[in-house]
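>>> mind looking at a prediction? Sequence and model below.
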Amino acid sequence: MEQFLDQTTSMIKPASPTLALQSTPPKRAFPKVRAAVPQGALPHYIRRQPRFEDTFGTSGDDTITTMDAEGDDIPNQAPTHRIPLQKMGVNRLHIPVTILDPFGSSRTVQLQCAVDAYASVAPERRGVHVSRMGNILAHLTANVYPSLQDYAVDLCKQISVVQKSHMAEVDVSGTISYIEAVRGVKDKASVEHIKLRAGAQLTNGDMRLAMGIGFNHITACPCVQQTYKHSFANTHHELLKAIIQEEIPFITHSQRCASLLSIENIHGILPLKDVLECVDAVIVRCQNTLPREFELLTVYRAHKTPQFLEDTLRDMLHAIYCLIGSDFPESTIRIQASSMESIHDFDIAGEITYSVQELHALRALSQSVAPLC
């Protein structure tokens, strides 16, 4: 095996610079890379392309120096209409971000993230330097961050500096995969996935954070259950009584739902485990490896406490408010949810957004009806 690996390695070594196809002249020496390249976990590669000097007859350094001296660096030019732009930037996909295991082990995990990065543009400047944003994204792949929020903060600060902007804003999201133990009649394991989101906004030195998680869960429709219950009428009175006494759920249809829970304007890092435990207390999240006893338990729990999508929005909002209300009084909770209807050919979607202060006020008004925390 070792001999095979040695042979394979030798086969994929880069070709010597002196080698060339017979139909082409010997390759010239590659230009030196002036910018530092991060030595992280990603593979590295330098693209072979014609040298600037050979193509244009002058050096890249001289060209850029002359361009800057004559005021022809376009982003730094004054625009026709000197109107400030609130934000301008890039939307990138598949950006690697390495963070510590959010479940508490000492391991690291790499997320492939979508990154939206913006900076304000002053009225005297025509635009942003896009390549500077790309350079920052590349260099940050070498770092390991305590959390996705810490990455968002670092990226936000650096963008503000290189763009010379009073405001920078970053939104980062990626899916984390993890192993969940399924201990029952037979011990098994399940590969699960959760979407993580982190946001950072820096305005005149004031940093505001956001965090979020996305997950799938199931609901059982209460309408069919109640209709079925009333269909018994007086014919099966004793059977109906026994079903209710034994708390046996009535039949109904189930939906798979997708929810995105976000907490805006949060001034600290909220542990992922705390949020998941809070959510799991009021909804039934999907699980990918379900032995028979867990399959029954999952379906039973959903049917035992049937929910509209509207119910899940209210229940999750209430639960998160109870979790963060005292520690993050300036925060806002936003939940977006959709339900893939099993008996319809359309989806149902909804959203709920409240600040903690607004929920404090609702709590004061509703103590006699359904008290909040």
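Received, thanks.

>>> pLDDT on the strand or helix carrying Phe215, on average?
Per DSSP states H and E, Phe215 falls inside strand 206-220. Strand 206-220 comes out with an average pLDDT of 96.

>>> just the helices in the stretch 251-373 of the chain please.
272-280, 292-304, 309-324, 356-365 (DSSP state H, counting those that start in this stretch).

>>> which parts of the chain are strands?
Using DSSP state E, the strands of the chain run over 85-100, 108-121, 144-145, 167-182, 188-203, 206-220, 254-266, 284-285, 332-340, 347-355.

>>> make CSV out of those and add distance to Gly57 and mean neighbour count.
Bear in mind the C-beta positions are built from the backbone N, C-alpha and C, glycine included. Formatted as CSV, the strands of the chain follow (distance: least, C-beta to C-beta, whole Å; neighbours: other C-beta atoms under 10 Å):
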stretch, distance to Gly57, mean neighbour count
strand 85-100, 33, 16
strand 108-121, 35, 20
strand 144-145, 45, 17
strand 167-182, 39, 18
strand 188-203, 43, 18
strand 206-220, 48, 20
strand 254-266, 54, 20
strand 284-285, 64, 20
strand 332-340, 56, 20
strand 347-355, 59, 14
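
>>> now for those, which one comes closest to Gln245?
Smallest distance to Gln245 across those (C-beta to C-beta): 20.2 Å, for strand 206-220.

>>> and the angle for the closest one with strand 347-355?
140 degrees (axes from the mean of the first three to the mean of the last three C-alpha atoms, to 10 degrees).

>>> in CSV, list the strands of the chain along with distance to Ile243.
Listed next are these as CSV, based on distance: least, C-beta to C-beta, whole Å:
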stretch, distance to Ile243
strand 85-100, 49
strand 108-121, 46
strand 144-145, 53
strand 167-182, 30
strand 188-203, 32
strand 206-220, 16
strand 254-266, 19
strand 284-285, 21
strand 332-340, 27
strand 347-355, 28
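
>>> and of those strands, who's closest to Glu310?
Nearest to Glu310, of all those, is strand 347-355, at 6.3 Å by C-beta to C-beta.

>>> may I have the closest one as PDB, with CA atoms only?
Listed next in PDB are the C-alpha coordinates belonging to strand 347-355 (Å, rounded to 0.1, in the frame of the first residue of the first chain):
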ATOM      1  CA  ASP A 347     -47.000  25.400   1.100                       C
ATOM      2  CA  ILE A 348     -48.000  27.600   4.000                       C
ATOM      3  CA  ALA A 349     -45.600  30.200   5.300                       C
ATOM      4  CA  GLY A 350     -45.600  32.700   8.200                       C
ATOM      5  CA  GLU A 351     -43.400  35.000  10.200                       C
ATOM      6  CA  ILE A 352     -43.400  36.600  13.600                       C
ATOM      7  CA  THR A 353     -41.200  39.500  14.800                       C
ATOM      8  CA  TYR A 354     -41.200  41.100  18.300                       C
ATOM      9  CA  SER A 355     -38.700  43.000  20.300                       C
END
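
>>> and the nearest residue to Ser160 once chain neighbours are set aside, how close does it get to Asn135?
Nearest residue to Ser160 in three dimensions, chain neighbours excluded: Ala168, at 3.8 Å (C-beta to C-beta, 6 or more residues apart in numbering). Distance, Ala168 to Asn135, using C-beta to C-beta, to the nearest Å: 15 Å.

>>> same thing with Arg285?
For Arg285, the distance to Asn135 - C-beta to C-beta - is 39 Å.

>>> for Asn234, same thing?
77 Å.

>>> between the two, tell me which one has more neighbours.
Neighbours per residue, other C-beta atoms under 10 Å: of Asn234 and Asn135, the larger number sits with Asn135, 16 against 6.

>>> Val121 is nearest to which of the helices of the stretch 251-373 of the chain?
Closest among the helices of the stretch 251-373 of the chain, using C-beta to C-beta: helix 356-365, at 32.7 Å.

>>> give me the number of residues near the residue nearest to Leu239 when sequence neighbours are not counted?
Excluding the flanking residues, the one nearest Leu239 by C-beta to C-beta, 6+ apart is Phe232, at 7.0 Å. Residues within reach of Phe232, counting by other C-beta under 10 Å, total 14.

>>> the one 3 residues further on now?
Close neighbours of Thr235, defined as other C-beta under 10 Å, add up to 8.

>>> now Glu341: how far from His253?
For Glu341, the distance to His253 - C-beta to C-beta - is 8 Å.

>>> what do you get for Leu111?
From Leu111 to His253 the distance is 35 Å (C-beta to C-beta).

>>> ok, Lys229 next?
15 Å.

>>> what does His303 give?
Distance from His303 to His253, by C-beta to C-beta: 10 Å.

>>> of the two, which one has the most company?
Looking at His303 and His253 with other C-beta under 10 Å, you find the greater number of neighbours at His303, namely 21 against 14.

>>> so how far does stretch 231-246 reach from one end to the other?
19 Å (C-alpha to C-alpha, to the nearest Å).
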